[in-house]
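Engineer: what would the 3D arrangement of this be:
(one chain, ligands or ions: 8)
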Amino acid sequence: MKTNRHFSPLSLILLCSLFFILSNHLQANDVDQAIAQHKNYAGSQTCRTCHSEIYDQYSKTGHPYKIQAVNGPVTFPSGTSPGVPYPPKDKHWDDIRYMIGGFAWKARFIDQEGYILTGKEHRQYNLANPVLGLEAGWSGYSANTAPRKPYTCGSCHTTAWVATGKNGPHQDNLPGMYGVWAEPGVTCEACHGPGAQHVKTPKKAPLTTEENCGSCHRRGDVKKIDAKGGLIRHHEQYEDLLASPHKQLKCGACHSPHLSVKYPTGGFKGESKTCLTCHTQRLSHIPAKGKFKCITCHMPRMAKSAVSIKHDVKGGTVPEGDVRSHIFRISLDPLWQMFSDDGKYVRLDEDGKAFIPAANACLTCHTNQDKSWAIEHAKSMHHDTP
Ligand code: HEC
Ligand code: HEC
Ligand code: HEC
Ligand code: HEC
Ligand code: HEC
Ligand code: HEC
Ligand code: HEC
Ligand code: HEC
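Structural biologist: Ligands and ions are numbered 1, 2, ... in the order given. Predicted coordinates:
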């Protein structure tokens with residue numbers, strides 16, 4: 001006689017669908033719960049009422065503008081970004097609901113349905129870059145997803161982002177927004193946590209001041225520094241630092257979290273309060289030392305956000321991007337290749353250390369010299385005798 005020990009295909013399907021419905025239901029509940037937590041966020045305008053000085057400093061950094069609603073040309077506080085005067089050439093400002101960035105390197109655009117505009121050309125506005133001698137201009141973005149793709153960038157660009165996916169809920173009920181935020185941009189509470197209670201009783205409900213910079217200034221696996229086209233990909237400061245001699249340092253050892261480094265507002269605490277307190281007497285033998293900062297050689301622009309150039313030097317080319325690297329260490333080994341053979345990662349040695357070849361540290365300025373000149377002169381950089 002046939003026993004009923006095995007499930008029939010039909011009951012198996014039924015069981016699976018039940019499980020699927022249940023698990024989806026659970027996920028939906030998690031999402032609802034996460035969104036419900038948004039009521040614990042007070043918003044940066046409330047913080048401003050008591051911390052106006054910090055608010056003013058912070059409003060001159062890129063963090064709050066990571067994504068902002070727009071209607072017309074976008075301007076920023078004076079002394080910071082020159083702004084974004086035009087929408088993509090085939091669009092009007094009326095077609096654009098939000099702009100992403102535009103403060104430091106580049107801007108991208110979100111349409112009235114919440115999708116990021118993508119395509120081969122005129123989809124990304126690159127700010128002028130005087131260091132590289134480049135005017136403001138346009139380039140393509142994510143051409144293989146053209147004409148548009150959903151907004152899924154909120155975990156690093158907004159405050160208390162809850163990723164919801166295709167079925168929503170959607171921010172502002174825009175179908176292209178695959179999530180919901182408490183406040184757009186990286187605001188006070190993105191770093192200090194929800195503050196509704198603190199606002200009512202500041203002394204009884206202290207907020208955290210523990211830094212969490214590494215949660216956004218990274219890209220995927222922190223043990224790998226992703227690269228492309230001979231430069232490090234952007235937002236990898238945390239990975240860089242872990243592969244540097246400063247892996248034990250916090251970002252706050254050198255940075256003031258409420259101030260910008262892109263514009264001269266004091267975001268970098270300065271050599272004398274940072275490099276020179278730990279590295280005494282490093283300036284003595286540097287040629288033309290009056291002109292140089294430690295970071296001139298130790299933090300070359302080896303990463304790219306928006307734009308890059310190639311310098312023709314004796315015997316080859318040297319690339320320069322628009323974001324400084326946080327690797328610090330310079331290699332004098334003529335055989336050291338900075339990138340893996342496939343060019344996708346920065347090469348690390350067996351101890352997980354990364355190195356910048358002397359050529360990259362020196363030849364962006366000394367273009368009439370070659371790699372071996374750089375190594376030869378780099379050897380004697382901080383020493384009495386070569
Ligand atoms: C990018 C992350 C970040 C953002 C955004 C941010 N803070 Fe901070 N804030 C920090 C960190 C980190 C510290 C601790 C600094 C230290 O210990 O030196 C701090 C310290 C503070 C302190 C105490 C120490 C002090 O400087 O007085 C206050 C108050 C404060 N923040 C308020 C705010 C307010 C208000 C805003 C928004 C207008 C804000 N923060 C935005 C990261 C941030
Ligand atoms: C009603 C005034 C008031 C408002 C509004 C307010 N704060 Fe404060 N905040 C204070 C006071 C007062 C202190 C100092 C508390 C102490 O000395 O114990 C403080 C301290 C802090 C600190 C230092 C750590 C701590 O808790 O002592 C941080 C960070 C901070 N506030 C962030 C914020 C953020 C973020 C917001 C907005 C969500 C905010 N504050 C809104 C009054 C306020
Ligand atoms: C893991 C965190 C993270 C994710 C995810 C992320 N970004 Fe960013 N993004 C950053 C950080 C950090 C910076 C600034 C530092 C840097 O570029 O080195 C940045 C910079 C930018 C800038 C330049 C801002 C300016 O003012 O110049 C744009 C534009 C941008 N991101 C767009 C996007 C888009 C579009 C997505 C989603 C498809 C995305 N990002 C996803 C972290 C992230
Ligand atoms: C929630 C994600 C997030 C966190 C947390 C975060 N950042 Fe950022 N940061 C960004 C993004 C995104 C940008 C690009 C903003 C822009 O310029 O439009 C950025 C830009 C910057 C810049 C360049 C722009 C400027 O104004 O100078 C610096 C420097 C910086 N962050 C430092 C820090 C430090 C230091 C911390 C920790 C105290 C921190 N960030 C925490 C996401 C984050
Ligand atoms: C809080 C202390 C501290 C500060 C601030 C600091 N450093 Fe360092 N730095 C160290 C320590 C410690 C080491 C050695 C680590 C080791 O032995 O692996 C180091 C190592 C280095 C190295 C050595 C690389 C090699 O070849 O081994 C360079 C280059 C360097 N730092 C540059 C800088 C620059 C430039 C600044 C400022 C932007 C700076 N440091 C700020 C502590 C500091
Ligand atoms: C003109 C380029 C240049 C400048 C400017 C520069 N360095 Fe260096 N530095 C180098 C080179 C090249 C090396 C590697 C040479 C070596 O290992 O002897 C190096 C090595 C180092 C080292 C590790 C080797 C050692 O001797 O301990 C430290 C630490 C360091 N620099 C700190 C600094 C600090 C701090 C400043 C700013 C006061 C600075 N450097 C400015 C080019 C420079
Ligand atoms: C040893 C000092 C030091 C540490 C530690 C450090 N930074 Fe920096 N950072 C700097 C300096 C110096 C600059 C360049 C300032 C300038 O261009 O004037 C910089 C620039 C930046 C920039 C802007 C890049 C550009 O080219 O415009 C970002 C973003 C940034 N840092 C984020 C971080 C984050 C996140 C951490 C921690 C994971 C961190 N930094 C740790 C010294 C440091
Ligand atoms: C930001 C541009 C810049 C960078 C980066 C730079 N230098 Fe220089 N260097 C200069 C300038 C400018 C002078 C001064 C030339 C003069 O006064 O005639 C100079 C002078 C020198 C001199 C003495 C004059 C000569 O040409 O013989 C040497 C040697 C030198 N640099 C080596 C290096 C090495 C090695 C590196 C990399 C570790 C480096 N420099 C990185 C700009 C730079």
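
Engineer: skipping its backbone neighbours, what lies nearest K310 in space?
Structural biologist: Among residues not flanking K310 along the chain, T317 sits closest, at 4.5 Å (Cβ to Cβ, 6 or more residues apart in numbering). Any C-beta I mention is one placed from the backbone N, CA and C, and that applies to glycine too.

Engineer: show me what L134 is bridged to.
Structural biologist: N129 (DSSP bridges).

Engineer: correct me if wrong: H298 contacts N360.
Structural biologist: No. H298 sits out of contact with N360 when judged by Cβ atoms under 8 Å, with a separation of 11.3 Å.

Engineer: follow-up on the earlier one: where does the residue nearest to K310 land on pLDDT?
Structural biologist: For T317, the model assigns a pLDDT of 96.

Engineer: what about it, neighbour count?
Structural biologist: Neighbourhood size, T317 [other Cβ atoms under 10 Å]: 12.

Engineer: what pairs with it across the strands?
Structural biologist: Residues in beta-bridge contact with T317 (DSSP bridges): D312.

Engineer: which stretches in the stretch 101-250 of the chain count as strands?
Structural biologist: For the stretch 101-250 of the chain, the strands defined by DSSP state E, counting those that start in this stretch cover 106-111, 115-117, 119-126, 137-141, 148-150, 158-159, 162-163, 179-180, 183-184, 227-228, 231-233.

Engineer: centre of the chain to the fifth one, how far?
Structural biologist: The gap between the average C-alpha position of strand 148-150 and the chain average comes to 20 Å, counting by Cα atoms, centre = their mean, to the nearest Å.

Engineer: now the first one
Structural biologist: With Cα atoms, centre = their mean as the basis, strand 106-111 stands 16 Å off its chain's centre.

Engineer: which helices and strands does that strand pack with?
Structural biologist: strand 96-101, strand 115-117, strand 119-126 (3 or more Cβ pairs under 8 Å, 6 or more residues apart in numbering; DSSP states H and E).

Engineer: now that strand - C-alpha only, PDB.
Structural biologist: What follows is strand 106-111, C-alpha atoms only, in PDB (Å, rounded to 0.1, in the frame of the first residue of the first chain):
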ATOM      1  CA  LYS A 106      29.900  66.000 -10.000                       C
ATOM      2  CA  ALA A 107      26.100  65.900 -10.100                       C
ATOM      3  CA  ARG A 108      23.600  63.400 -11.300                       C
ATOM      4  CA  PHE A 109      19.900  63.900 -11.900                       C
ATOM      5  CA  ILE A 110      16.600  62.200 -10.800                       C
ATOM      6  CA  ASP A 111      13.400  62.500 -12.900                       C
END
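
Engineer: what's the angle between it and strand 119-126?
Structural biologist: Between strand 106-111 and strand 119-126, the angle comes out at 120 degrees (axes from the mean of the first three to the mean of the last three Cα atoms, to 10 degrees).

Engineer: any residue of strand 106-111 up close to ligand 3?
Structural biologist: Yes. Applying Cβ under 6 Å from any ligand atom, one finds strand 106-111 touching ligand 3 at K106, A107, R108.

Engineer: wait, which of the residues you listed is closest to ligand 2?
Structural biologist: For these, the minimum distance to ligand 2 (Cβ to the nearest ligand atom) is 26.7 Å, reached by A107.

Engineer: after the lowest-mean-pLDDT helix or strand in the chain, next one along is what?
Structural biologist: Least confident helix or strand, the chain: helix 9-36 with a mean of 67, by mean pLDDT, DSSP states H and E. The C-terminal neighbour of helix 9-36 among helices and strands, as given by DSSP states H and E, is helix 44-50.

Engineer: next, the buried residues of that following helix.
Structural biologist: S44, T46, C47, R48 (16 or more other Cβ atoms under 10 Å).

Engineer: would you map the helices across the chain?
Structural biologist: With DSSP state H applied, the chain shows helices at 9-36, 44-50, 52-58, 154-157, 188-192, 196-200, 237-242, 275-278, 294-298, 358-362, 371-379, listed in chain order.

Engineer: wait, which of these is closest to ligand 1?
Structural biologist: That would be helix 188-192 among the helices of the chain, by Cβ to the nearest ligand atom, at 2.9 Å.

Engineer: that closest one close to ligand 1?
Structural biologist: Yes. Against ligand 1, helix 188-192 shows contacts by Cβ under 6 Å from any ligand atom at C188, A190, C191, H192.

Engineer: and which of those is nearest ligand 5?
Structural biologist: C191 (21.5 Å).

Engineer: what sits against the closest residue to ligand 7 within the stretch 1-150 of the chain?
Structural biologist: Nearest to ligand 7 in the stretch 1-150 of the chain, going by Cβ to the nearest ligand atom, is A104, at a distance of 6.7 Å. Contact partners of A104, counting by Cβ atoms under 8 Å, 6 or more residues apart in numbering, are G62, S81, L127, K262, S305.
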